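Student: Kindly generate the corresponding structure for this input.
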Amino acid sequence: MDRRGQQVPAPGAAATRAEAPAPATALSTRRQLLLGTGALGALAAVGAGSVAGRRLSSGPVDPRTEISLWSQTVAYDATGSRTLVSGDAAPLELDPDSRWAAELAASSPVRERAAAFRDGTEQWRARLDERLQCGTTGDSPATTAQLGSLAATALLDLWVLSDALPAPVAGWSAPWRYVWPRDAAFGAVALSRIGHREQAISVLEHLGTLQGRDGWFEARYVPGTDRAPDRRPRQFDGTGLLLWACDEVVQDLEGPAATGALERLSPLITRSLSALHGSTSAGTCLPPVSPDYWEVRERSVTLGIMAAALAGLRAGARLTGSLEARRAAEAFALLLEGTFGATGYQRYRSGGGADSALALLAATGGADLATAERLLPLRESLARPGGGIAPGAAWREDGVSWTPSTSLLGLALARAGETGAALEVLSWLAEHRTEAGSLPEKVLFDGRPAEVAPLAWTAANVLLTLDTLARG
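Tutor: Presented below is the predicted three-dimensional model:
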């Protein structure tokens, strides 16, 4: 099963059945109401130097690979309830540049919460705007208007999937309406960066209440509960990534605010660091075998689990200031370099091909190991015909680009100092939003958005990439 509950063949295996072509999706005729004229104009800006323009052929693609677009976005309807909009769902007329129905009462708490969320991002938006006006895009195909539009819609996507919830859900389609610790970690960091630091701390504090005594997390949770919706195996990457998120959020604070956050997050920090130290023998051994973001059972430790463990160990060393924690992080970095690094940072220690988890390593502070020289080839080795990348070289050849992996690569490139390449990824993401402006999970071989939209992890990655570029 893949990360969102869909049947997946074993990596590298052929699909067990050909999916019948889906009927053409009826697009809304109220595009300017869904997006606003400024965003619509930005979407029309397509650069010849985009990721799609630079990709290599990724081999034969089954033209029958069709996945419908389940929704163009998620919005609050006139009753104040979240609902899927357009695509395979029912249409809904929205206020311009919003995620709520035009008929929603002016006095609705939804509008009040949306206004408060937007107000909280004012400083971040102003800084990003200033940076864009100063020529951040350079020779990139991305335009200032396009990036501004992308930022606006990513903010809306993250808001609608986290509003009035203890933690962001991955998406709003039924199999996605759960809290994944991995996704929530990135969501929390993004919330902190855009100005909602209290909400970010609350998200991490909530995840801390879900953590097992041994420091592990379930693969996902029913929102507002500590229950897993199924029996899929626990996943170890949440432990390291949430510890990384704690460090990132605390770094955004100063003085008493930072001290208060550390106190609130202390249980999560302590359990996570203890689990990482215990499972790796203070950084000298590989972590336990666990599913990662591919969401399949594994027999060997993957690069994704290694990247999350290193991120957590390094974060723990910074948060605690402990000499023991610092030595464990240093030892694990050497272990990673001597094992996975010795074979080119493939999915497994002994092979498995390129994996977008290399971008996870760089995106969470491991750019010293996942250098720009290693990251840039992922755009070719994992390329898909639609212009994005697949999760890995061993992933099935279905022609589908995955925006979580593609946006994570953009963030990794930005943090590795590859501004132009990061902007190209952002431009591609902007060009492949839905008609409503939301970022989908998948993009088909011919460039059409597909399946779930919006997706919280992709929105968070986009915001973090823009933030990294704005900080210059």
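Student: Residue 391 and residue 365, how far apart?
Tutor: 21 Å (C-beta to C-beta, to the nearest Å). Just so you know, the C-beta spots here come from the backbone N, C-alpha and C atoms, and that holds for glycine as well.
Student: same check, this time on residue 396
Tutor: Residue 396 is 31 Å from residue 365, by C-beta to C-beta.
Student: swap in residue 71?
Tutor: 34 Å.
Student: more crowded one of those two?
Tutor: More neighbours surround residue 71 than the other of residue 71 and residue 365, with 27 against 19 (other C-beta atoms under 10 Å).
Student: How many neighbouring residues does the nearest residue to that one once chain neighbours are set aside have?
Tutor: Of all residues not flanking residue 71 in the chain, residue 84 sits nearest, at 3.7 Å (C-beta to C-beta, 6 or more residues apart in numbering). By other C-beta under 10 Å, 21 other residues sit near residue 84.
Student: Quickly find the element holding residue 84.
Tutor: Assigned by DSSP states H and E, residue 84 belongs to strand 82-85.
Student: Summarise which helices and strands that strand is packed against.
Tutor: Where contact means 3 or more C-beta pairs under 8 Å, 6 or more residues apart in numbering; DSSP states H and E, strand 82-85 is packed against strand 73-76.
Student: is the residue nearest to residue 71 in a bridge, and if so with what?
Tutor: Taking DSSP bridges, one finds residue 74 as the beta-bridge partners of residue 84.
Student: Does it touch residue 174 like I think?
Tutor: No: at 9.5 Å, residue 84 does not count as touching residue 174 under the criterion of C-beta atoms under 8 Å.
Student: for the stretch 201-350 of the chain, what are the low-confidence residue spans?
Tutor: Within the stretch 201-350 of the chain, no stretch has pLDDT under 70.
Student: Now find how far off-centre the strand holding residue 84 is within its chain.
Tutor: Distance, stretch centre to chain centre, for strand 82-85: 21 Å (C-alpha atoms, centre = their mean, to the nearest Å).
Student: Check stretch 344-352 too.
Tutor: With C-alpha atoms, centre = their mean, you get 23 Å for stretch 344-352.
Student: Next, the residues that contact it from outside, please.
Tutor: Residues outside stretch 344-352 that contact it (C-beta atoms under 8 Å, 6 or more residues apart in numbering) are 11, 286, 300-303, 339-340, 343, 353-355, 357-358, 361, 369-370, 374, 392-394.
Student: May I have the distance across it, first residue to last?
Tutor: Using C-alpha to C-alpha, to the nearest Å, one end of stretch 344-352 lies 10 Å from the other.
Student: coming back round to it: tell me the helix or strand right after the strand holding residue 84.
Tutor: helix 109-120.
Student: Please name every helix or strand in contact with that following helix.
Tutor: helix 144-160.
Student: give me that answer again for 7 Å
Tutor: Helices and strands touching helix 109-120, as assessed by 3 or more C-beta pairs under 7 Å, 6 or more residues apart in numbering; DSSP states H and E, are absent.
Student: who's in contact with it?
Tutor: Residues from elsewhere that reach helix 109-120 (C-beta atoms under 7 Å, 6 or more residues apart in numbering): 76, 80, 100, 104, 159, 163, 164, 195, 196.
Student: now residue 227: how far from residue 90?
Tutor: The gap separating residue 227 from residue 90 is 30 Å, by C-beta to C-beta.
Student: Kindly apply the preceding question to residue 153 instead.
Tutor: Counting by C-beta to C-beta - residue 153 and residue 90 are separated by 21 Å.
Student: what does residue 175 give?
Tutor: 19 Å.
Student: Between those two, which has more neighbouring residues?
Tutor: Per other C-beta under 10 Å, whichever of residue 175 and residue 90 has more neighbours is residue 175, with 15 against 11.
Student: Wasn't that one part of a helix?
Tutor: Yes: checked against DSSP: H, G, I helix; E, B strand; the rest coil, residue 175 lies within a helix.
Student: Any idea how far stretch 97-111 is from the middle of the chain?
Tutor: Taking C-alpha atoms, centre = their mean, one finds stretch 97-111 lying 27 Å from the centre of the chain it belongs to.
Student: Check stretch 92-107 too.
Tutor: In terms of C-alpha atoms, centre = their mean, the centre of stretch 92-107 is set 26 Å apart from its chain centre.
Student: need the contact list for residue 162.
Tutor: 168, 187.
Student: SS state for it?
Tutor: coil.
Student: Tell me, what's the model's pLDDT at the residue nearest to residue 71?
Tutor: Predicted confidence (pLDDT) for residue 84: 98.
Student: What residues does it make contact with?
Tutor: Residue 84 neighbours (C-beta under 7 Å, 6+ apart): 70, 71, 74, 172, 173.
Student: quick one: which of those has the most company?
Tutor: residue 71 leads those on contacts (other C-beta under 10 Å) with 27 neighbours.
Student: Now do the contacts for that one.
Tutor: Taking C-beta under 7 Å, 6+ apart as the test, what residue 71 contacts is 84, 85, 86, 87, 88, 89, 173, 453.
Student: List only buried entries from those.
Tutor: 84, 85, 86, 87, 88, 89, 173, 453 (16 or more other C-beta atoms under 10 Å).
Student: Show me the two of these that sit farthest apart.
Tutor: Comparing all pairs in the buried ones among the contacts of residue 71 by C-beta to C-beta, the longest separation belongs to 86 and 173, at 13.1 Å.
Student: distance from the centroid: which residue in this protein tops it?
Tutor: Relative to the mean C-alpha coordinate of the chain, counting by C-alpha atoms, centre = their mean, the farthest residue is residue 107 (33.0 Å).
Student: That one and residue 80, how far apart?
Tutor: Here the distance between residue 107 and residue 80 works out to 11 Å (C-beta to C-beta).
Student: Same question for residue 208.
Tutor: 30 Å.
Student: same deal with residue 326?
Tutor: Residue 326 sits 49 Å away from residue 80, going by C-beta to C-beta.
Student: Repeat that for residue 271.
Tutor: In terms of C-beta to C-beta, residue 271 sits 37 Å off from residue 80.
Student: same question, residue 307
Tutor: Distance from residue 307 to residue 80, by C-beta to C-beta: 40 Å.
Student: Residue 326 and residue 80: which is more packed in?
Tutor: residue 326 (17 against 14).
Student: For that one, which non-adjacent residue is closest in space?
Tutor: That would be residue 317: by C-beta to C-beta, 6+ apart, it lies 4.3 Å from residue 326.
Student: so is the nearest residue to residue 301 once chain neighbours are set aside in a helix, a strand, or just coil?
Tutor: In this structure, residue 301 finds its nearest non-sequential neighbour in residue 286, 4.9 Å apart by C-beta to C-beta, 6+ apart. State at residue 286, reduced to three classes by three-state DSSP: coil.
Student: burial count for residue 286?
Tutor: Neighbours around residue 286, by other C-beta under 10 Å: 19.
Student: I figured residue 155 hits residue 121, correct?
Tutor: Yes: counting by C-beta atoms under 7 Å, residue 155 does reach residue 121; the two are 6.1 Å apart.
Student: Overlap in contacts, the two.
Tutor: Joint contacts of residue 155 and residue 121 (C-beta under 7 Å, 6+ apart) are residue 194.
Student: how many other residues sit next to residue 282?
Tutor: Neighbours of residue 282 (other C-beta under 10 Å): 16.
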